[in-house]
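Novice: Whatever this is, show me its structure:
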Amino acid sequence: MSRLATVFENLPVALQQVACHVEGWRIARHRYGGDFGALFEGVEARTHWTREQMEDYQSWRLGTFLEHARQSTRYYAGQRMDEPWPVLDKRTVQERTDDFMARGMERQEPQWAHTSGTTGAGLRFPVTRRAHQEQWAIWWRYRRWHGIAVDTWCGYFGGRMVVPLATERAPYWRDNGPGRQILFSGQHLREETLPHYVAELRRRQPPWLHGYPSLLALVADYLVARGEDLGYRVQWVTTGAENLLPHQARLLERAFGVRPRQHYGMAEGAANISECERGFLHVDEDFSYVEFLPAEERDVYRVIGTNFTNLATPLVRYDVGDRVRLGPLRCECGRPGRVVESIDGRSEDYLWLGDGTRLGRLDHIFKDATRVREAQIVQRARGEMTLRVVRGEGFAEDDERQLLEETRYRVGAAMRVDLEYVERIERTATGKLRLVVSEVS
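Specialist: So this is what the prediction gives:
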């Protein structure tokens, strides 16, 4: 846990609200300031390009990007343009991050991003401000397809630690005014606290709900089990960070009265997939160059992406670790992006705390664990968990201490946490590493 997180935790609620407002202003300025308006206009203009127009644009960006990678990074310095470029795995990037960092990017205002993705292995790398804004332009284009405006208030259910874990009474949420978000804590969702969440939604009536499907499903299940609704019209439900499973989609629609929409993206910017109003998932071809290579299972494909928007850390033919099934060649909406039928990735179990709280996505534990090669959370009984860790080069006692601190910060001191070092973590039949494996029902 960082020093800032410790300070935030000890502030009164009113000052925590002020801190969230200030941080929201900083984030909004970085995302939407400067050239964002022009970038967004360009992104929207490409919505209904022909496939040929999109291929020409993508080919131009890819060619320029590959030459940049050759000229500015140590890793790609010897790569010939007339030879096939090899598929890149996350482990290589993790172990040789400096070799992927491009020279001369200081004027691009790069910031450090971090991710653990579906493997639980930490990765930190620089991202230019322009790349960050292009990603948000793509995400807002998808939202605009469905009628969501930038100033629409949103009830957000995600993984951010916005309320101290030790909090025992409402409010279990904080406001981000500049970002138009009510940030609901995912760490406090349980049977006895859900009435407070529902009451706040009914009081504030945000027209848009967004977050991890595993967290939104908890609220939906609470309402459906009692034959209730929120008492107002929810206009949009969108999900991200996890795979939206069919039973979750049905539950969310039943509870909130609107079909949930999803998009797929990642901090590395190697691929992005957005759902159109007709319910089809389209590859955002103008954001990255995406290949689908056959996986072990029939009709399942590996997602291989080249992040040509981020000049600070070029990743060419990067295996993001997820799997997809492909859909029809065309969608009646007319958008040029290839169609994906389903995404077989980021489908994780809940983790049960001893008091009955269920936690969804827990990748934040590993975001800065750069010397962890792979990790998995296993739970065999409520109130206890095992961290299975494959150590990377240089892993030491400080890394273990940090890992345990981050875990206890997010699951609480009452949870029994065991640490198990292993040589390898087993994959699923489709080659996925599940971050959370729970045997508790």
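Novice: tell me the strands in the stretch 151-300 of the chain, going along the chain?
Specialist: All strands of the stretch 151-300 of the chain, identified by DSSP state E, counting those that start in this stretch, fall at 154-158, 173-176, 181-185, 208-211, 236-239, 261-264, 273-275, 281-283, 289-294.
Novice: Pipe these into a markdown table and attach distance to residue 221 per row.
Specialist: Where you see a C-beta, it was placed from the backbone N, CA and C, and this is true even at glycine. A markdown table is the format used below for the strands of the stretch 151-300 of the chain (distance: least, C-beta to C-beta, whole Å):
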| stretch | distance to residue 221 |
| --- | --- |
| strand 154-158 | 13 |
| strand 173-176 | 19 |
| strand 181-185 | 15 |
| strand 208-211 | 14 |
| strand 236-239 | 14 |
| strand 261-264 | 19 |
| strand 273-275 | 23 |
| strand 281-283 | 25 |
| strand 289-294 | 34 |
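Novice: Go through those and name the closest to residue 164.
Specialist: In terms of C-beta to C-beta, the element of these nearest to residue 164 is strand 181-185, at 9.1 Å.
Novice: circling back: now the strands of the stretch 151-300 of the chain as a markdown table including mean pLDDT and mean neighbour count?
Specialist: A markdown table is the format used below for the strands of the stretch 151-300 of the chain (pLDDT from 0 to 100; neighbours: other C-beta atoms under 10 Å):
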| stretch | mean pLDDT | mean neighbour count |
| --- | --- | --- |
| strand 154-158 | 95 | 23 |
| strand 173-176 | 97 | 22 |
| strand 181-185 | 97 | 24 |
| strand 208-211 | 97 | 24 |
| strand 236-239 | 97 | 23 |
| strand 261-264 | 95 | 23 |
| strand 273-275 | 97 | 23 |
| strand 281-283 | 97 | 24 |
| strand 289-294 | 97 | 16 |
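Novice: From the chain's centroid, how far away is the biggest helix by length in the chain?
Specialist: Taking DSSP state H as the criterion, the chain has its longest helix at helix 51-72. Put simply, helix 51-72 sits 26 Å off its chain's centre (C-alpha atoms, centre = their mean, to the nearest Å).
Novice: for the stretch 1-150 of the chain, what spans make up the helices?
Specialist: Using DSSP state H, counting those that start in this stretch, the helices of the stretch 1-150 of the chain run over residues 3-9, 13-32, 36-45, 51-72, 90-95, 97-100, 129-145.
Novice: between those, which gets nearest to residue 291?
Specialist: Using C-beta to C-beta as the measure, helix 51-72 is the one of those that comes nearest residue 291, at 11.2 Å.
Novice: Am I right that residue 140 is in contact with residue 37?
Specialist: No - between residue 140 and residue 37 there is no contact, the gap being 11.3 Å when judged by C-beta atoms under 8 Å.
Novice: quick one: which of those two has more around it?
Specialist: Neighbour comparison, residue 140 and residue 37: the larger count goes to residue 140, with 19 against 12 (by other C-beta atoms under 10 Å).
Novice: check contacts around the more buried one.
Specialist: Residue 140 sits next to 40, 150 when contact means C-beta atoms under 8 Å, 6 or more residues apart in numbering.
Novice: Tell me if residue 378 really is in a helix.
Specialist: No - secondary structure of residue 378 (DSSP: H, G, I helix; E, B strand; the rest coil): strand, not part of a helix.
Novice: Which residue, other than its chain neighbours, is closest to it?
Specialist: residue 386 (4.5 Å; C-beta to C-beta, 6 or more residues apart in numbering).
Novice: what's the answer for residue 104, then?
Specialist: Computed as C-beta to C-beta, 6+ apart, the closest residue to residue 104 that is not its neighbour in sequence is residue 72, at 6.4 Å.
Novice: returning to that earlier point: among the strands of the stretch 151-300 of the chain, which comes closest to residue 333?
Specialist: strand 281-283 (8.0 Å).
Novice: which secondary structure elements does that closest one contact?
Specialist: Contact partners of strand 281-283 among helices and strands, from 3 or more C-beta pairs under 8 Å, 6 or more residues apart in numbering; DSSP states H and E: strand 273-275, strand 339-344.
Novice: Compare those strands and give me the one nearest residue 213.
Specialist: Per C-beta to C-beta, nearest to residue 213 of the helices and strands packed on strand 281-283: strand 339-344, 11.9 Å.
Novice: thinking again about what came up before, got a list of what the residue nearest to residue 104 touches?
Specialist: For residue 72, the contact set (C-beta under 8 Å, 6+ apart) comprises 102, 103, 104, 105, 311, 314.
Novice: Throw together a ChimeraX command that grabs the buried residues out of the residues you listed.
Specialist: In ChimeraX syntax, the buried subset of those is picked out as below (16 or more other C-beta atoms under 10 Å):
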select :102,105,311,314
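Novice: Which of the contacts of residue 72 fall within strands?
Specialist: In strands, defined here by DSSP state E, there are no members of the contacts of residue 72.
Novice: Can you say which two of the contacts of residue 72 are spatially most distant?
Specialist: For the contacts of residue 72, and using C-beta to C-beta, no pair is farther apart than 104 and 314, which are 12.7 Å apart.
Novice: between the contacts of residue 72, which is nearest residue 49?
Specialist: residue 311 (23.3 Å).
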